[in-house]
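J.: can't give you the sequence, but here's the structure:
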């Protein structure tokens with residue numbers, strides 16, 4: 001669960017060794033790099049310890065704090081308030097929620113379950129909307145989730161749509177997918193989340209389009225996630241805009257990643273990705289677009305201007 005955080009810390013340390021092995025770096029630039037990278041490491045380490053507590057809460061305590069909990073074996077779900085955190089486990093969890101009026105639909109392609117227009121902002125050490133072990137068709141739309149551990153989490157979930165939601169000011173992630181395939185994340189807003197605006201871990205064949213993830217630690221982060229389509233997102237003023245680790249066969253096109261502290265778009269240990277038509281300007285420490293230990297990628301027709309170290313590295 002914490003491998004991605006540890007890898008980020010290692011990545012920062014590698015950058016330190018790389019930069020200070022360069023003979024042509026100016027002393028003023030070195031000073032700036034020391035400050036920014038040190039802050040990044042401290043932030044990442046702090047998040048790791050926080051996550052070690054929060055992950056247990058997500059798995060064991062997500063049915064507390066007035067959560068509306070629809071589980072596979074829960075024949076009599078407790079209903080508190082719709083504006084409280086919601087946990088739905090298994091396909092039958094959706095049917096139970098629909099039967100008592102929390103959502104609409106039938107869970108099929110032409111008539112998905114729809115959870116919409118909720119405002120879940122009371123806060124707590126749980127996830128605002130938690131969906132797990134589900135493969136029916138569903139849509140979460142026009143919901144606002146803030147001041148939680150994670151805003152919206154999908155774990156072992158297929159065939160979901162997250163459309164036009166607002167996931168801001170959460171202590172870890174705005175939107176989080178783990179082991180979840182064939183989902184659509186579109187038109188969402190994820191601001192001021194302590195860790196990442198949108199995160200995918202071991203999640204394949206998803207579409208991430210038209211989202212805005214600004215002022216987070218990371219805008220969009222993929223780990224061990226393949227064959228995803230990432231297009232038309234805005235990822236500005238984060239520590240890094242977009243980062244793909246061990247994530248292959250994906251298309252990254254038409255995104256904007258400007259004014260981030262480190263890098264606009266970063267591919268690390270990746271192959272066979274297409275990176276085209278993106279804008280990555282004014283990134284302050286490293287590069288607009290960077291490939292590290294990556295091969296067989298197609299990088300074309302991008303705009304990468306006024307970055308501190310290089311446009312495309």
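T.: Right, received. Where do you want to start? Keep in mind it's a predicted model, so treat the numbers as computed, not measured. Residues are numbered from 1 along each chain as shown.
J.: Skip the chain neighbours and tell me the closest residue to residue 173.
T.: Sequence neighbours aside, residue 150 is the residue nearest to residue 173 in space, at 4.6 Å (criterion: C-beta to C-beta, 6 or more residues apart in numbering). Placement of C-beta: from N, CA and C, glycine included.
J.: so where's this protein shaky on pLDDT?
T.: Low-confidence segments of the chain, defined by pLDDT under 70: 1-83.
J.: residue ranges for the helices of it, please.
T.: Defined through DSSP state H, the helices belonging to the chain, from first to last, are 3-19, 27-60, 91-99.
J.: Which elements pack onto the shortest one?
T.: With contacts taken as 3 or more C-beta pairs under 8 Å, 6 or more residues apart in numbering; DSSP states H and E, helix 91-99 sits against strand 68-70, strand 113-116, strand 129-134.
J.: That one: which residues count as buried?
T.: The neighbour-count criterion (16 or more other C-beta atoms under 10 Å) identifies 91-98 as the buried residues of helix 91-99.
J.: what would the helices and strands packed on helix 91-99 look like in TSV with distance to residue 281 and mean neighbour count?
T.: Output for these, formatted as TSV (distance: least, C-beta to C-beta, whole Å; neighbours: other C-beta atoms under 10 Å):
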stretch	distance to residue 281	mean neighbour count
strand 68-70	44	23
strand 113-116	36	20
strand 129-134	34	23
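J.: Can you tell me which of those strands is nearest to residue 283?
T.: Evaluated with C-beta to C-beta, the helices and strands packed on helix 91-99 place strand 129-134 nearest to residue 283, the distance being 32.0 Å.
J.: What lies in contact with that closest one?
T.: By C-beta atoms under 8 Å, 6 or more residues apart in numbering, the residues outside strand 129-134 that reach it are 58, 62, 72, 85-91, 93-94, 115, 118, 120, 138, 140, 143, 145, 150-160.
J.: Give the pairing partners of that strand; include direction for each.
T.: Each strand that pairs with strand 129-134, with its direction, by DSSP bridges: strand 86-89 (parallel), strand 152-157 (parallel).
J.: Out of the ones you listed, which is the most enclosed?
T.: Among the strands paired with strand 129-134, strand 86-89 has the highest mean neighbour count (mean count of other C-beta atoms under 10 Å), at a mean of 26.
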